[in-house]
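J.: give the three-dimensional model of this entry:
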Amino acid sequence: MITVKRALLVFAPLLLVASFFLAAFLIEGWTPQAVAHKLSTLLFTAQEEGEMTPEHDIAGASLDAEAPAAGEKDEEKGEPEYREAVVLAVGDIMVHQTQYRQAHLPEKGSYDFSPSFEIIAPYIREADLAVGNLETTLGGGDRGYSAYPLFNSPDEIAYALKEAGFDLLCTANNHSLDTGERGLYRTIEVIEETGMKPFGTARSKEERDTPLLVETNGIELAFLAYTYCTNMIPVPEGREYIVNLIDRERIEEDIRRARQRGADLVIIYMHWGHEYHDTPSEEQKELARFIAEAGGDIIIGSHPHVIQPMEIIQAAKEDGAPHETFVAYSLGNFISNQHKTSGIPTRDVKFGKALRLHLRKNMESGEVSLEEADYLLTWVHRHWRHRIIPLHKAAAGPADEYNLSSSEQQWLEEKWDQLTRHLEGFEPAASPAR
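T.: Alright, predicted model coming up:
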C-alpha cells in the first residue's frame, strides 16, 4: 500500500514532466500524439535506468522482471546454482505364501500384486529416486513358488514395484541365494527387464567391482549393499563376488572406488542386526562408526523387520577431516505377511518407515549436503490384500475408507504416537489429523 506522502513523492516529478510537455504543446504547437509519445518514452527510459516507480516501491523490483528459475544461477548477484533431490528408501520387501496366493489370477495364469501398492504409490512416485530391499528371489515359476525359509516369488512382484514408482532394489540379504546361483542371476535379470537397477549382487567380478552410480537432478549417488550372511547356503567357491558379504576391507575399497568414479554421496544398505529387536546392537553401532570413518555418507539398515532409531554420527576421515554420516539402523518391513506368532514376538513387524532424504548440491563448489531426513510411517493391512497404508492416514480415518474397525483405528493411532516417540529427534513427514 502506498501512503499519501509517498504517493506525492512518487507522482510529483511525473506531474512536473507532464506540465512541461503540456506547455510545449501550447507554445511550440506539438500535437497531442507527440506529447503522449514523448511522455511514454521518458517514463519507459526512467524505469529501465532504475528510477523509482510505484512497482519498485512496493515490490523492490519491477513486476515485469524475470526472477531466476529454481536452481539457476543469479548472474547479477553471483549466487551459485543449487540442485535438489529427494531420495525415498524403504525396508524389507517380502513375499510370503499368503501374498502370492491372493495375487494369483488362475484364469490368466499370472499374478497381480498391484493392490498392495495402490495407496502408497503416490508417495513413492513423488520422490526423485525410490529404493527398497528385495528380500526374496525371482528364480522362475518352473521350480515352484515358495516362501520362508527359501523364498522364490513370481516375477510380477518386480513389475508391481516398478509400477509403484521404485527405481532401485537392493539384492544383498540373507535370502540372496535361496534359489541358488542361477536364481540369483535370474533375479538380477528380471529386475533389469523391468527398468529398475539392482545392487548388492553381481554376475561377474567386473560387475561387482563397479559401484552402481545413479544421477538424479545433477547429483551423483553411489549405492552399495552388504549382508551378514546367506543363511548357511555357501557362496560358490571362486565366485564369491556374486553376493556382497560384510567385509570391512571390501567396504572401504568400494567407498573409495565410488568416490573415484565421481560419487557425490555414498549410500549403503546394510543387512544386519537381530530380528525383532527395536534397538540397534552394539555390533551395528560399531560397524556404523567404521563406515562413517571410511567415508560412507548414508547408511540404511534392514533385517530386524521392525523399526529402529536414526542418528547422525560425527566422525573423522583418514585425513582428519570431519565427516557426518546419517544412519537409519532399520526401516522395518515395507511389505510382508509377518505378524505376531509363536516365532515372532511382536506386532511391530507390520510397520515400516519410508525414509525421505532431502539432498542439495552447490553446482559451483560441488558440495552436497543432506538438508533434512524425515519419514513416513507405513502399516501393512494383512486382511485387505496386504495394502500398504500411510499410518497417519489409517489413524486419522475415516475408518471405513481403509477397511478398519474403530478399535483397529484407535490402536493405529496409539502406534503412531509410540513409533514417533521411538524416533525422537527426527520429524515425521506427516501426522494424523487430530
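J.: right, and Asp264 touches Ile219 too?
T.: Yes: when contacts are counted by C-beta atoms under 8 Å, Asp264 is listed as touching Ile219 (5.3 Å). (C-beta placed from N, C-alpha, C; glycine too.)
J.: overlap of the contact sets of those two?
T.: Listed contacts common to Asp264 and Ile219 are Lys361, Val368; contacts here mean C-beta atoms under 8 Å, 6 or more residues apart in numbering.
J.: ranges for the helices of this protein?
T.: Counting by DSSP state H, the chain has these helices, from start to end: 4-28, 32-48, 54-59, 97-103, 121-125, 156-164, 180-194, 205-208, 248-260, 282-294, 391-396, 406-422.
J.: hey, least reliable of those by pLDDT?
T.: Least confidently modelled of the helices of the chain is helix 54-59, at a mean of 27 by mean pLDDT.
J.: longest strand anywhere in the protein?
T.: Across the chain, the strand with the greatest residue count (assigned by DSSP state E) is strand 368-381.
J.: got the CA positions of stretch 266-276 in CSV?
T.: This file holds the C-alpha atoms of stretch 266-276, laid out as CSV (Å, rounded to 0.1, in the frame of the first residue of the first chain):
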residue,chain,number,x,y,z
VAL,A,266,27.7,-42.9,-1.0
ILE,A,267,24.6,-44.6,0.3
ILE,A,268,25.0,-48.1,1.8
TYR,A,269,22.3,-50.7,2.5
MET,A,270,23.4,-52.9,5.5
HIS,A,271,21.6,-56.2,6.2
TRP,A,272,22.5,-56.6,9.8
GLY,A,273,21.3,-56.7,13.4
HIS,A,274,18.9,-59.0,15.3
GLU,A,275,15.4,-59.9,14.2
TYR,A,276,12.6,-58.2,16.1
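J.: poorly predicted segments of the stretch 301-434 of the chain, please.
T.: For the stretch 301-434 of the chain, the stretches with pLDDT under 70 are 434.
J.: how about the longest strand of the chain: buried residues?
T.: By 16 or more other C-beta atoms under 10 Å, the buried positions in strand 368-381 come out as Val368, Leu370, Ala373, Asp374, Tyr375, Leu376, Leu377, Thr378, Trp379, Val380, His381.
J.: quick one: it to helix 406-422, angle?
T.: Counting by axes from the mean of the first three to the mean of the last three C-alpha atoms, to 10 degrees, strand 368-381 lies at 160 degrees to helix 406-422.
J.: make 16 the starting number, not 1.
T.: That works, and once the first residue is 16, the last one we named lands at strand 383-396.
J.: so what secondary structure elements neighbour strand 383-396?
T.: Applying 3 or more C-beta pairs under 8 Å, 6 or more residues apart in numbering; DSSP states H and E, one finds that strand 383-396 makes contact with strand 337-346, strand 348-350, strand 366-377, strand 402-405, helix 406-411, helix 421-437.
J.: any chance of these in JSON lines, plus mean neighbour count?
T.: Below are the helices and strands packed on strand 383-396 laid out as JSON lines (neighbours: other C-beta atoms under 10 Å):
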{"stretch": "strand 337-346", "mean neighbour count": "22"}
{"stretch": "strand 348-350", "mean neighbour count": "29"}
{"stretch": "strand 366-377", "mean neighbour count": "22"}
{"stretch": "strand 402-405", "mean neighbour count": "22"}
{"stretch": "helix 406-411", "mean neighbour count": "23"}
{"stretch": "helix 421-437", "mean neighbour count": "15"}
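J.: okay, these in TSV with distance to Tyr241 next?
T.: Formatted as TSV, the helices and strands packed on strand 383-396 follow (distance: least, C-beta to C-beta, whole Å):
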stretch	distance to Tyr241
strand 337-346	14
strand 348-350	19
strand 366-377	18
strand 402-405	26
helix 406-411	29
helix 421-437	25
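J.: and Leu153, which of these is closest to it?
T.: strand 348-350 (15.5 Å; C-beta to C-beta).
J.: who does that closest one pair up with?
T.: If you go by DSSP bridges, strand 348-350 pairs up with strand 97-108 (parallel).
J.: so which bits of the strand it pairs with are buried?
T.: Tyr97, Arg98, Glu99, Ala100, Val101, Val102, Leu103, Ala104, Val105, Gly106, Asp107, Ile108.
J.: likewise stretch 191-211?
T.: Of the residues in stretch 191-211, 191-194, 198-203, 205-206, 209, 211 count as buried by neighbour count, 16+ other C-beta under 10 Å.
J.: just the CA trace of the longest strand of the chain, in CSV.
T.: Written as CSV, here are the backbone C-alpha positions of strand 383-396 (Å, rounded to 0.1, in the frame of the first residue of the first chain):
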residue,chain,number,x,y,z
VAL,A,383,26.5,-31.9,-1.4
SER,A,384,24.6,-31.9,1.8
LEU,A,385,21.8,-33.9,3.5
GLU,A,386,19.5,-31.0,4.3
GLU,A,387,16.8,-33.0,6.1
ALA,A,388,15.8,-36.5,6.8
ASP,A,389,12.2,-37.2,7.6
TYR,A,390,10.0,-40.2,7.3
LEU,A,391,6.5,-41.6,6.5
LEU,A,392,5.3,-44.4,8.8
THR,A,393,3.5,-47.3,7.0
TRP,A,394,1.3,-50.2,8.0
VAL,A,395,0.5,-53.4,6.2
HIS,A,396,-3.2,-54.3,6.2
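J.: run the chain-centre distance for that strand.
T.: 7 Å (C-alpha atoms, centre = their mean, to the nearest Å).
J.: same check, this time on stretch 349-367
T.: Per C-alpha atoms, centre = their mean, the centroid offset for stretch 349-367 relative to its chain is 24 Å.
J.: now the end-to-end length of it.
T.: Counting by C-alpha to C-alpha, to the nearest Å, the length from the leading to the trailing residue of stretch 349-367 is 5 Å.
J.: what residues of it count as buried?
T.: Phe349, Ile350, Ser351, Asn352, Gln353, Asp363, Val364, Lys365, Phe366, Gly367.
J.: now those residues in CSV, with distance to Glu290?
T.: Below are the buried residues of stretch 349-367 laid out as CSV (distance: C-beta to C-beta, whole Å):
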residue, distance to Glu290
Phe349, 16
Ile350, 17
Ser351, 12
Asn352, 15
Gln353, 10
Asp363, 12
Val364, 9
Lys365, 15
Phe366, 15
Gly367, 15
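J.: circling back: in JSON lines, list the buried residues of strand 97-108 along with distance to Phe341 and pLDDT.
T.: What follows is those, written out as JSON lines (distance: C-beta to C-beta, whole Å; pLDDT from 0 to 100):
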{"residue": "Tyr97", "distance to Phe341": "20", "pLDDT": "96"}
{"residue": "Arg98", "distance to Phe341": "19", "pLDDT": "97"}
{"residue": "Glu99", "distance to Phe341": "17", "pLDDT": "98"}
{"residue": "Ala100", "distance to Phe341": "15", "pLDDT": "98"}
{"residue": "Val101", "distance to Phe341": "14", "pLDDT": "98"}
{"residue": "Val102", "distance to Phe341": "11", "pLDDT": "98"}
{"residue": "Leu103", "distance to Phe341": "14", "pLDDT": "98"}
{"residue": "Ala104", "distance to Phe341": "11", "pLDDT": "98"}
{"residue": "Val105", "distance to Phe341": "16", "pLDDT": "98"}
{"residue": "Gly106", "distance to Phe341": "16", "pLDDT": "98"}
{"residue": "Asp107", "distance to Phe341": "20", "pLDDT": "98"}
{"residue": "Ile108", "distance to Phe341": "22", "pLDDT": "98"}
